[in-house]
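Colleague: Mind folding the following:
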Amino acid sequence: MTDGLTTADAAATATSAGPRRLALISIAALLVILTNAVVFLLPPLLPVIQTQYQVTTVAAVTWIFTLLTLGGGAGFVVLPRLSDVIGDRSTAGIACAALTAGALTAAIGDSYPALLVGSTVMGFGGAAQLLPLGFLRRSLGESGLATSVAVLVIATGIGIVVGMIGGGFIVEVLSLRDFFYILTACFAVTTAASILVIPHSRPADAGGSIPVVGAAWLIAWVGAILLALTQSAEWGSTALIPLGIGLLGAFSWIQVQRRTSNPMFDHTLFKSPFVTVACVVIALIAAVNSAFLVLLSTYAQIDPSYLPPEDSYGLGLTSLQTGWLMVPFAVTFLIGGVVAERPVAEGRGTSVLVAGALVSAAGLALLVVAHDQQWSYLVASGVIGLGCAVVYSACFALVQTAVDENKAGMAAAMAGTAMAIGFALGSALVTTVLGSSTVTVPGTDIELAAKGLYGPSYLLTIGLAALIVVTVLISRARTRAASHI
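Modeller: A predicted model of the protein is given here:
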């Protein structure tokens, strides 16, 4: 490189032309749309999967979604960091290849075990949704950061619609197996497009290694704790074994991360303003998001005629009809990202986090008392979508603005990992509640949650939203106290 230009500078110059810039933004949007579609298509399909593959318990079928998000946790650690080391194009190719392999595994295997494996692999590749935060920022110069956050939020809203409605439509017309073959084809095309369009840009001082062992260790202890939570009703005191293993793994992981020369995250980043609180908050709002998805999908697709009159509940909807209930969520999600942009840029990020949490809690409060009506889900999904989008957008922006572009990948990894863990935690928590008391569908071995558990589950989810407010208030108090020292 001549005249002191870095690789990132050269990339910015190369992508300044209109067509090239448009192509790069388009592939970024495609990555975000497809990876979010994967996350949002599975919840409405869980009842279909439970019936087709004869999965008997609520906890067992929800593990498909949990493993998807845990795989995402590993991907959120590895992939953004990998882009800082080997370059954006190669990393996007690896992520898309994982998505393709995961979908193909589910299609060829056509069974519950194959779907567990395929979901985990797809979850890892799904972390590609954060790669635009790095490669757009590096390739588009000064406008890269704002553009990348806007693409992430807007394309996520579109991905929600594609996932919630597209998956249900394909399954109604075709089959689960055909659905995964179609996903495989979509991911294969995306792989080729990513390799052709995304430049091989990376920070000029990139180096170091990827903490694969640390990432695997993190996912292992988180998974052990989630296993204990989701299986507690069925295993009883035996669930204390994975819980103990998980807690011991967490303690030892923290100690090793403090001492290792190659930690998963740069410790100095947590000293930057709002980074720690943003990571905690994004985990909590992701937990709210996933809990809502699982509760809505489970309740809406239960046919009350299948249960004895004294136990009957549900809306009796198909997976496609359930997807339509989520359309307001997707619409307001798009609006929320735009609404949050200006106040965050003006330094009012923490106020935005509180406002988003309170809006989400308001939507959930409606479902505590009226979760047996379709209109309540339509209204609540719009309110919750607005609140979630505001919080997501603010968190990603707060973390990215705290670092320079050389650490954009690591910053994205921090927020993304927290989000993935939150998603897994939210589904596990409500699954624990729903699995605490069940009724059996007559003539089958399939167990469904008792109807009286949905109200408490929504109350639990409101508690997660309230924790966001508590987290922000504690952070503000500590900041004020530090400023007076």
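Colleague: Please, which helix or strand holds the closest residue to residue 413 other than its chain neighbours?
Modeller: Nearest non-adjacent residue to residue 413, counting by CB to CB, 6 or more residues apart in numbering: residue 80, 4.0 Å away. Where C-beta positions appear, they are placed from N, C-alpha and C, glycine not excepted. Assigned by DSSP states H and E, residue 80 belongs to helix 58-86.
Colleague: buried stuff in that helix?
Modeller: Buried residues in helix 58-86, counting neighbours by 16 or more other CB atoms under 10 Å, are found at 58-85.
Colleague: And stretch 367-379, by the same measure?
Modeller: Applying 16+ other CB under 10 Å to stretch 367-379 flags 367-368, 371, 376-377, 379 as buried.
Colleague: Could you pull up the mean pLDDT of the helix holding residue 80?
Modeller: On average, the pLDDT along helix 58-86 is 79.
Colleague: Could you list the low-pLDDT ranges of the stretch 251-400 of the chain?
Modeller: 266-273 (pLDDT under 70).
Colleague: Which parts of it are helices?
Modeller: Secondary structure of the stretch 251-400 of the chain (DSSP state H, counting those that start in this stretch): helices located at 275-300, 319-325, 327-345, 349-370, 374-401.
Colleague: Single out the most deeply packed of these.
Modeller: Comparing the helices of the stretch 251-400 of the chain by mean neighbour count (mean count of other CB atoms under 10 Å), helix 275-300 comes out on top with a mean of 26.
Colleague: what separates stretch 348-361 from the chain centre, distance-wise?
Modeller: Here stretch 348-361 is found 19 Å from its chain centre; the criterion is CA atoms, centre = their mean, to the nearest Å.
Colleague: contacts for it?
Modeller: With contact meaning CB atoms under 8 Å, 6 or more residues apart in numbering, stretch 348-361 is reached by 274, 277-278, 281, 284-285, 288, 336, 340, 343-344, 383-384, 386-391, 394-395, 397-398, 462, 465-466, 468-469, 472-473, 475-476.
Colleague: switch to 6 Å and redo it
Modeller: Stretch 348-361 has contacts (CB atoms under 6 Å, 6 or more residues apart in numbering) with 281, 288, 340, 343-344, 384, 386-388, 390-391, 394, 398, 462, 465, 468-469, 472.
Colleague: Okay, buried residues for the helix or strand residue 114 falls within please.
Modeller: Element membership for residue 114 (DSSP H and E) is helix 112-126. By 16+ other CB under 10 Å, the buried positions in helix 112-126 come out as 112, 114-126.
Colleague: possible to save those residues as a markdown table with pLDDT and distance to residue 169?
Modeller: Shown next, in a markdown table, are these (pLDDT from 0 to 100; distance: CB to CB, whole Å):
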| residue | pLDDT | distance to residue 169 |
| --- | --- | --- |
| 112 | 89 | 23 |
| 114 | 92 | 23 |
| 115 | 90 | 19 |
| 116 | 90 | 24 |
| 117 | 92 | 25 |
| 118 | 92 | 20 |
| 119 | 90 | 20 |
| 120 | 89 | 25 |
| 121 | 92 | 24 |
| 122 | 92 | 19 |
| 123 | 88 | 23 |
| 124 | 89 | 26 |
| 125 | 89 | 23 |
| 126 | 86 | 21 |
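Colleague: which one among those residues gets closest to residue 32?
Modeller: For the buried residues of helix 112-126, the residue nearest residue 32 by CB to CB is residue 126; the value is 10.2 Å.
Colleague: Can you read off the pLDDT for the residue nearest to residue 364 when sequence neighbours are not counted?
Modeller: Leaving aside its sequence neighbours, residue 364 sits nearest to residue 462 (CB to CB, 6+ apart; 4.8 Å). Confidence at residue 462, expressed as pLDDT, is 96.
Colleague: Now do residue 462: how many residues are near it, please.
Modeller: Residues lying near residue 462 (other CB atoms under 10 Å) number 21.
Colleague: That one against residue 366, yeah?
Modeller: No: contact criterion CB atoms under 6 Å: residue 462 and residue 366 do not qualify, at 10.6 Å.
Colleague: First-to-last residue distance for stretch 154-170?
Modeller: Length of stretch 154-170, first residue to last, CA to CA, to the nearest Å: 24 Å.
Colleague: before we move on, the earlier item: gap between the residue nearest to residue 413 and residue 86?
Modeller: Per CB to CB, to the nearest Å, residue 80 is found 12 Å from residue 86.
Colleague: So the chain: which segments form each domain?
Modeller: Using automatic domain parsing, the domain parsing of the chain gives 20-200+264-483, 212-263.
Colleague: got a list of contacts for stretch 166-178?
Modeller: Here stretch 166-178 has contacts from 41, 44-45, 48, 107, 110, 179, 319-320, 323, using CB under 6 Å, 6+ apart.
Colleague: residues in contact with the spatially closest residue to residue 329 that is not a sequence neighbour?
Modeller: With sequence-adjacent residues excluded and distances taken as CB to CB, 6+ apart, residue 329 is closest to residue 385, at 3.4 Å. Applying CB under 6 Å, 6+ apart to residue 385 gives the contacts 329, 332-333.
Colleague: The residue nearest to residue 413 against residue 411, yeah?
Modeller: No: using CB under 6 Å, residue 80 makes no contact with residue 411, being 8.0 Å away.
Colleague: returning to that earlier point: name the helices or strands packed onto the helix or strand following the helix holding residue 80?
Modeller: Later in the chain than helix 58-86, the nearest helix or strand by DSSP H and E is helix 88-109. Counting by 3 or more CB pairs under 6 Å, 6 or more residues apart in numbering; DSSP states H and E, the packing neighbours recorded for helix 88-109 are helix 58-86, helix 112-126, helix 176-197.
Colleague: can you put the ones you listed in JSON lines and add distance to residue 224?
Modeller: JSON lines is the format used below for those (distance: least, CB to CB, whole Å):
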{"stretch": "helix 58-86", "distance to residue 224": "11"}
{"stretch": "helix 112-126", "distance to residue 224": "15"}
{"stretch": "helix 176-197", "distance to residue 224": "28"}
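Colleague: Tell me where the longest helix sits in this protein.
Modeller: Identified as the longest helix of the chain according to DSSP state H is helix 18-52.
Colleague: Could you measure from residue 468 over to residue 381?
Modeller: 19 Å.
Colleague: what's the answer for residue 346, then?
Modeller: 29 Å.
Colleague: which one is residue 180 nearest to, not counting chain neighbours?
Modeller: Once flanking residues are discounted, residue 180 sits nearest to residue 107: 3.6 Å by CB to CB, 6+ apart.
Colleague: Next: residue 260.
Modeller: residue 214 (7.3 Å).
Colleague: just to confirm, which helix or strand has that neighbour in it?
Modeller: helix 212-235.
Colleague: Now residue 440: phi and psi?
Modeller: The phi/psi pair for residue 440 (degrees, to the nearest 10) reads phi -100, psi 130.
Colleague: what's the closest non-adjacent residue to the most centrally placed residue in the chain?
Modeller: Most central in the chain under CA atoms, centre = their mean is residue 420, positioned 4.9 Å from the mean C-alpha point. In space, and not counting its chain neighbours, residue 420 is closest to residue 73: 3.7 Å by CB to CB, 6+ apart.
Colleague: Can you name the residues that contact that neighbour?
Modeller: 219, 417, 420-421.
Colleague: Same check on residue 253?
Modeller: residue 217.
Colleague: try 7 Å this time
Modeller: Going by CB atoms under 7 Å, 6 or more residues apart in numbering, residue 253 touches 217-218, 221.
Colleague: Tell me the buried residues in whichever strand or helix holds residue 172?
Modeller: Using DSSP H and E, residue 172 maps to helix 167-173. For helix 167-173, the neighbour count (16+ other CB under 10 Å) marks 167-168, 170-171 as buried.
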